[in-house]
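what follows is a protein structure lacking sequence information:
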């Protein structure tokens, strides 16, 4: 009986999240998402589809991904950052080896910053990645896991030290 309120709450959060416009990137966010929540604060990791296909070596799939951070508590939550980076994404193969990280080719300002989320407010970070290896070829067929992470530090007692979530997806080759 205890799981029922959590399931209902999760379904309500997915319904709320699905109503957020996604005009900043192509594709719709699918139900392939994992909601992680702690003490009135949550993270949702989303991808635009559960499976991606490479139809030819010159046409690797593009993975659209989103990290949503939301405050469903009754008080404002302030997130502290030690750089201009607010989030990160990483993709791991089925053996747990990291095959891509969004921040690897980026530089961030070394400045302090804050983001405050009012009660019921959320923020959405999105990016897209052409699913290729270091040589420019489509990644091998495998089950992959996308990890999204909020890079805040020195957060209030309302939120844990590390806030992240994951969602898995298949990459397949077709002929």
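Happy to help now that I have it. All of these numbers come straight from a predicted model, not from anything done at the bench.

name whatever forms a beta bridge with residue 130.
Beta bridges link residue 130 to residue 62 when assigned by DSSP bridges.

contacts only, for it.
Applying CB atoms under 8 Å, 6 or more residues apart in numbering to residue 130 gives the contacts 60, 61, 62. Where C-beta positions appear, they are placed from N, C-alpha and C, glycine not excepted.

hey, where'd the helices end up in the chain?
Taking DSSP state H as the test, the helices found in the chain are 3-18.

output the below-cut-off pLDDT ranges for it.
Along the chain, segments meeting pLDDT under 70 span 1-40, 154-163, 175.

could you rerun that using 90?
1-45, 49-50, 53-60, 69-83, 86, 105, 109, 112-117, 133-138, 149-175 (pLDDT under 90).

mind listing the strands for it?
Using DSSP state E, the strands assigned to the chain run over residues 33-38, 41-47, 51-54, 62-71, 77-81, 87-92, 98-101, 113-117, 122-130, 142-150, 163-173.

just the buried members of the contacts of residue 130?
The neighbour count (16 or more other CB atoms under 10 Å) marks 60, 61 as buried among the contacts of residue 130.

in JSON lines, list the contacts of residue 130 along with distance to residue 125.
As requested, the contacts of residue 130 are exported to JSON lines (distance: CB to CB, whole Å):
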{"residue": "60", "distance to residue 125": "23"}
{"residue": "61", "distance to residue 125": "21"}
{"residue": "62", "distance to residue 125": "17"}
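
can I get the strands of the chain in JSON lines including distance to residue 107?
Shown next, in JSON lines, are these (distance: least, CB to CB, whole Å):
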{"stretch": "strand 33-38", "distance to residue 107": "28"}
{"stretch": "strand 41-47", "distance to residue 107": "25"}
{"stretch": "strand 51-54", "distance to residue 107": "29"}
{"stretch": "strand 62-71", "distance to residue 107": "20"}
{"stretch": "strand 77-81", "distance to residue 107": "15"}
{"stretch": "strand 87-92", "distance to residue 107": "14"}
{"stretch": "strand 98-101", "distance to residue 107": "14"}
{"stretch": "strand 113-117", "distance to residue 107": "15"}
{"stretch": "strand 122-130", "distance to residue 107": "16"}
{"stretch": "strand 142-150", "distance to residue 107": "18"}
{"stretch": "strand 163-173", "distance to residue 107": "22"}
